[in-house]
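1. Predicted model and sequence below, questions to follow.
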Amino acid sequence: MAIEYLGLNNINGPLVVLEGVSGAFYDEIVEISVGGKIRLGRIIEIYEDRAIIQVFGGTTGLSLKNTRTRLTGHPMELSVSPELLGRTFNGIGQPIDGLAPIVSDIKLDVNGQPLNPVAREYPRNYIRTGISAIDGLTTLIRGQKLPIFSGDGLPHDKLAAQIVRQASLGENSEEKFAIVFGAMGLKHDVADYFRRTFEESGVSDHVVMFLNLSNDPVVERLITPKVALTAAEYLAYECHMHILVILTDITSYAEAMREVSSSKGEIPSRKGYPGYLYSDLASLYERAGIVAGNEGSVTQIPILTMPNDDITHPIPDLTGYITEGQIVLERSLHGAGVYPPISVLPSLSRLMKDGIGEGYTREDHQDVANQLFSSYAKVGDVRALASVIGEDELSPTDKLYLSFGKAFEAEFVAQGEEDNRSITDTLNIGWRLLGMLPKGELDRVNTKILDKYYPKQ
Amino acid sequence: MATNAYGKIYGINGPIIYIEGLTDFQVGEMVYVSGERLVGEVISLSDKRTTIQVFEETTGLKPGDAVYGTGGSLCATLAPGIIHNMFDGIERPLKEIAQLNGKYIRRGFAMDSLDTKRKWSAAMKVSEGQYVYPGTVICEVPETSAVMHRCMVPPEISGTVVSVKPDGEYTIDETLVTLKDDAGKLHELSMTQRWPIRVPRPVQERYSSTLPLITGQRIIDTCFPLAKGGAAAIPGGFGTGKTMTQHSIAKWSDADIIVYIGCGERGNEMTEVLEDFSKLIDPRSGNPLMDRTVLIANTSNMPVAAREASIYTGITLAEYYRDMGYHVAIMADSTSRWAEALREISGRLEEMPAEEGFPAYLASRLATFYERAGMMRNLNSSEGSVSVIGAVSPQGGDFSEPVTQNTKRFVGCFWGLDKSLAYARHFPAINWLNSYCEYISNMSPWYSENVDPRFMEYRTKILAILNEESSLLEIVKLIGSDVLPDDQKLTLEIARVIRLGFLQQNAFHKDDMCVTLEKQFKMMDIILYLYEKAKKLVGMSMPMRLLKEEDIFEKVIAIKYDVPNDHLELFEDYRAQIDAFYDRIMEKNA
């Protein structure tokens, strides 16, 4: 029995108020029909018989009289089955590829549930991306959440596409893998770029796309990553696949949250974002991981563009506190023609330490990485000094650092879009560059390793 | 007995629910919400409205659903079975939940905090007719290989023992001792106590501590030591190694019990602690580290109200073990997430925000938390301590934000983590210039007696060299290091030896992860000896260039790897090598 409520009591931005409802519950999905078309909405606050509803399709065209609202009796759900693979959906999980909706008995609540830390398995297997700056210095681990902090106009899409292309065709190609792509407020041409990349690299049968493009309703964006992650969790834990989730752009998602929060009249905290921004972002990022005794995994690469390239802006800042590291892109490197323009020093992979070294990559990996970080940090100091006293006045060692820095950016960080380097190549390039510095300067490397790998003149 | 309060939900907003009208609930009362019995707590009352925070997801709650009072505050259950366990923010056992419920944490999952079926072997410590006071140990239970659990008379009760069960195997709920108090009322005592988490457990007196908490981390033990019963803050932006530092302290410190609270942090980190600590062996007792550790995990995606409670649950457990006479160290990672939970709930309550949107009571809440640390004489006259080490995650790594600033007012140790050190992979990335320790004067007698009378003198020298380095570096930044006079070049070189050879510590190297105080002292001794000898050479106008041709500086840097903790006699070789270095230079350039 479905009661329909006629009309609404208030419309304000993306929110509507409906009074006189009975039996509605918090977070319930409602269907609002206007002229035969149905829009979905979610109850985000409820007082006695007064429900505040966030309308996914936007409120344009609604009036206080022309609507019929029906309670569905369940929270936002996604029908899941292995048929998801190869399909394209809109931001709330409705098909937009012209094919029929997914029919399945399994409907999952998109809000997900927190994974019990006891049931998790600590991630230890590295994913080879073929990109030196990532494999060598900020190694991606299966089950990790490693965001790309970028800026407008920087090639984060290219980098993400390269990771997808090369990681999915790695050594473990006999294992089942798939890609879940969640787009929030993405431009059409960028969405097209990803679709093309997936097709060209022959993985489009293994891709599920959830697209909320920049001219799609803003409120839908709030549900898109949740829908995408629900699909990812199903494929990982029920179908035992290794899932790489790309979420782009987290900044648009946070903007949408701020918009809804302000129309609800909530008290803003930093830069007008709601106080629960951290908890909300965490509820997305924490859905990466591996469950003990289960073959699948969810690895997340969220992309976010830092407003004004400011890494202390609340969105990158809070993200960095939740995710297990970050890959930071830098405009000046991009300007200097370095691709990928990965700024090595602030980039970090927290899970790297347990997934590299003997038995995983190579015994010298940790030492090489530490030494490259340390020496490249020194390059920064030397450059600052050179800008004051001039390059000619530098000590001979400092001059070596300058040329090391240049070579490091040109040969280690920079690489072609099609260049897929093995981990041995990456480490060998590292040693070749470290060979430019006198042995005594390499104070982060174990003596035995140094003797074994330091290039002989 | 009065019946408990009862009400019906009027409104729901995230983790906050409202009941309209006048109710019988008390502030701080624990309540059960709806038929699913979600746990909640009353946070404010007026004649028009009762406000309740719910510790679980509120999806699916409806106006009209019932709210049942329990008549008591939110309590922690205290009994054998706590150690080696992992709880959520309101002390629900995550392992049992995982066994019964699979990989996700479902809500409305009421279960006992501790295993009530397991039998523990108890050795009774009281006899009939004995008069017992609050805190008197009634029985001892071997809880793990490392911990003897002493069950005590709860804080408000005293009286004459009228009956005692014999030694044997009992569950935590069985009555072991019956008391008759002065009013003639009978009290049945089992191994279990319940204590409201927001109330500090009473003690006889607090005194200032002279014992250091030895962590095996050089920069902490030598430069900025924490007293047993002290409070320390580790602030740092993301990626500066807060969690790694906390892990190192949890692993290697000489506390008897470790309470590790993962408050609003990553799930994988908690899994890592659980996996690592089960494998690692405590170098002092030879038992697995997990046998002295209890974990409280309220990860960032678990409900926000329980995150707020997790800090209190953790410190209540810590105080309980302190009452048994143990030294407990509690790691809270991170207090900023807890402060943000306060902010989030405060925002939902539409309270007037103070600085950065945090509620105005942030400072007083932080103070009440950190003041629960201390070296105490317990009710049973035993001595125990709770040391608190709180990580702070300031936004953008900026220490001027309210949580860091307010925390600084209430802690005695400040270990400021530095982004540029972390970028250069210098770990632990504790900045030696802006960190401080207020316990030094209290503890220096201990160092003189137990390590070496020169320890504090050496520490001062080391810090002085580092400070001098920092002012020299200002000059180097402007004109380069080549133009400095040789004695200043030497200072820079020795400071480099200190930074790389002493301050920097490798958490993954078997000989470097945990270093005894004795070795720390000997390392300082060698470094300062080298400084003294080299200074003599420079004083005789030997150029630094010549000194650097020798590899003695690199050798001293490598001491941390080359001299194992149990072969400290090797230090004599280094002294000889330094002498040889001195003689060689003298000979060559006489």
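-> Received it, and whenever you're ready, just let me know what you need. Just so it is clear, the model here is predicted, and its values are computed rather than measured.

2. residues contacting residue 94?
-> Since you didn't name a chain, this refers to chain A. If you count contacts by Cβ atoms under 8 Å, 6 or more residues apart in numbering or on different chains, A:Q94 has them with A:P101. Just so you know, the C-beta spots here come from the backbone N, C-alpha and C atoms, and that holds for glycine as well.

3. Chain B is the one I meant
-> A:116-118, B:86-88, B:105, B:297.

4. Can you tell me which of those residues comes closest to A:V110?
-> Set against A:V110, the nearest of the contacts of B:L94 by Cβ to Cβ is B:I105 (17.1 Å).

5. can you map out the helices along the stretch 301-450 of chain B?
-> Along the stretch 301-450 of chain B, counting by DSSP state H, counting those that start in this stretch, helices occupy B:304-323, B:335-348, B:362-370, B:402-410, B:419-423, B:440-450.

6. likewise chain A?
-> A:132, A:156-168, A:188-200, A:224-233, A:250-264, A:277-285, A:314-322, A:331-335, A:352-355, A:365-389, A:396-407, A:423-434, A:447-453 (DSSP state H).

7. how about JSON lines for those helices, with distance to B:S481, mean neighbour count and mean pLDDT added?
-> Converted to JSON lines, the helices of chain A look like this (distance: least, Cβ to Cβ, whole Å; neighbours: other Cβ atoms under 10 Å in any protein chain shown; pLDDT from 0 to 100):
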{"stretch": "helix A:132", "distance to B:S481": "32", "mean neighbour count": "23", "mean pLDDT": "95"}
{"stretch": "helix A:156-168", "distance to B:S481": "38", "mean neighbour count": "22", "mean pLDDT": "87"}
{"stretch": "helix A:188-200", "distance to B:S481": "48", "mean neighbour count": "15", "mean pLDDT": "91"}
{"stretch": "helix A:224-233", "distance to B:S481": "51", "mean neighbour count": "27", "mean pLDDT": "96"}
{"stretch": "helix A:250-264", "distance to B:S481": "43", "mean neighbour count": "20", "mean pLDDT": "91"}
{"stretch": "helix A:277-285", "distance to B:S481": "44", "mean neighbour count": "24", "mean pLDDT": "92"}
{"stretch": "helix A:314-322", "distance to B:S481": "34", "mean neighbour count": "25", "mean pLDDT": "92"}
{"stretch": "helix A:331-335", "distance to B:S481": "26", "mean neighbour count": "14", "mean pLDDT": "95"}
{"stretch": "helix A:352-355", "distance to B:S481": "33", "mean neighbour count": "21", "mean pLDDT": "88"}
{"stretch": "helix A:365-389", "distance to B:S481": "9", "mean neighbour count": "19", "mean pLDDT": "92"}
{"stretch": "helix A:396-407", "distance to B:S481": "8", "mean neighbour count": "16", "mean pLDDT": "94"}
{"stretch": "helix A:423-434", "distance to B:S481": "22", "mean neighbour count": "19", "mean pLDDT": "95"}
{"stretch": "helix A:447-453", "distance to B:S481": "24", "mean neighbour count": "14", "mean pLDDT": "89"}
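
8. Now render these as CSV, adding distance to chain B.
-> Output for these, formatted as CSV (distance: least, Cβ to the nearest Cβ, whole Å):
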stretch, distance to chain B
helix A:132, 17
helix A:156-168, 19
helix A:188-200, 27
helix A:224-233, 10
helix A:250-264, 9
helix A:277-285, 3
helix A:314-322, 4
helix A:331-335, 15
helix A:352-355, 7
helix A:365-389, 4
helix A:396-407, 8
helix A:423-434, 14
helix A:447-453, 7
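
9. show me where pLDDT drops low in the chain?
-> You didn't say which chain, so I picked chain A. Where chain A drops to pLDDT under 70, the residues are A:1-2, A:168-174, A:457.

10. other chain: chain B
-> B:1-2, B:109, B:590.

11. State which helix of it is the longest.
-> The longest helix of chain B (DSSP H) is helix B:455-479.

12. chain center to that one: distance?
-> Its chain's average C-alpha position is 30 Å from that of helix B:455-479, according to Cα atoms, centre = their mean, to the nearest Å.

13. tell me what that helix is packed against?
-> Contacts defined by 3 or more Cβ pairs under 8 Å, 6 or more residues apart in numbering or on different chains; DSSP states H and E place helix B:455-479 against helix A:365-389, helix B:440-450, helix B:486-497, helix B:517-539.

14. Turn these into a markdown table, including distance to A:E77.
-> Output for these, formatted as a markdown table (distance: least, Cβ to Cβ, whole Å):
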| stretch | distance to A:E77 |
| --- | --- |
| helix A:365-389 | 44 |
| helix B:440-450 | 60 |
| helix B:486-497 | 61 |
| helix B:517-539 | 59 |
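
15. who wins for proximity to A:G86 among those helices?
-> helix A:365-389 (36.6 Å).

16. Hey, what's the angle from that closest one to helix B:455-479? Just curious.
-> If you take axes from the mean of the first three to the mean of the last three Cα atoms, to 10 degrees, helix A:365-389 sits at 50 degrees to helix B:455-479.

17. Can you check what angle separates helix A:365-389 from helix A:423-434?
-> Using the same axes, to 10 degrees: helix A:365-389 against helix A:423-434 is 40 degrees.

18. roughly how far out does helix A:365-389 sit from the chain middle?
-> On Cα atoms, centre = their mean, the centre of helix A:365-389 falls 29 Å from that of its chain.

19. Quick check: residues of the stretch 301-450 of chain B near chain A?
-> Listed as neighbours of chain A in the stretch 301-450 of chain B under the rule Cβ under 8 Å from any Cβ of the partner chain: B:301-302, B:304, B:337, B:340-341, B:343-344, B:346-348, B:350-351, B:353, B:356-357, B:393, B:395-398, B:420, B:423-426.

20. May I see the ChimeraX selection of the buried members of these?
-> Typed into ChimeraX, the line below selects the buried ones among these, using 16 or more other Cβ atoms under 10 Å in any protein chain shown:
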select /B:301,302,304,337,340,341,343,344,346,347,348,353,357,393,395,396,397,423,424,425,426
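
21. Which of the helices and strands packed on helix B:455-479 sits closest to A:G112?
-> Across the helices and strands packed on helix B:455-479, A:G112 has its closest neighbour in helix A:365-389 (33.9 Å, Cβ to Cβ).

22. That closest one vs helix A:396-407, what angle?
-> Interaxial angle of helix A:365-389 relative to helix A:396-407 (the same axes, to 10 degrees): 110 degrees.

23. where's the nearest residue to A:K378 once chain neighbours are set aside relative to A:F412, distance?
-> Spatial nearest neighbour of A:K378, chain neighbours left out: A:Y401 (5.7 Å); criterion: Cβ to Cβ, 6 or more residues apart in numbering or on different chains. To A:F412, A:Y401 is 15 Å away according to Cβ to Cβ, to the nearest Å.

24. ok, back up a step: mind listing residues that contact the longest helix of chain B?
-> By Cβ under 8 Å, 6+ apart, helix B:455-479 touches A:381, A:384-385, A:388-389, B:222-223, B:432-433, B:440, B:444, B:447-448, B:484, B:488, B:491-492, B:494-495, B:498-499, B:502, B:521, B:524-525, B:527-528, B:531.

25. Same check on stretch A:445-457?
-> Residues from elsewhere that reach stretch A:445-457, judged by Cβ under 8 Å, 6+ apart: A:363-364, A:367-368, A:370-371, A:431-432, A:434-435, A:439, A:442, B:558, B:561.

26. just the CA coordinates of that stretch, formatted as CSV?
-> Extracted C-alpha coordinates of stretch A:445-457, given in CSV (Å, rounded to 0.1, in the frame of the first residue of the first chain):
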residue,chain,number,x,y,z
VAL,A,445,71.8,3.7,2.5
ASN,A,446,72.9,0.7,4.4
THR,A,447,76.7,0.2,3.8
LYS,A,448,76.2,-3.3,2.3
ILE,A,449,73.6,-2.1,-0.1
LEU,A,450,75.7,0.9,-1.0
ASP,A,451,78.7,-1.3,-1.9
LYS,A,452,76.6,-3.6,-3.9
TYR,A,453,74.7,-1.1,-6.0
TYR,A,454,76.6,2.1,-6.0
PRO,A,455,77.7,2.5,-9.7
LYS,A,456,81.4,2.0,-10.3
GLN,A,457,83.1,4.8,-12.1
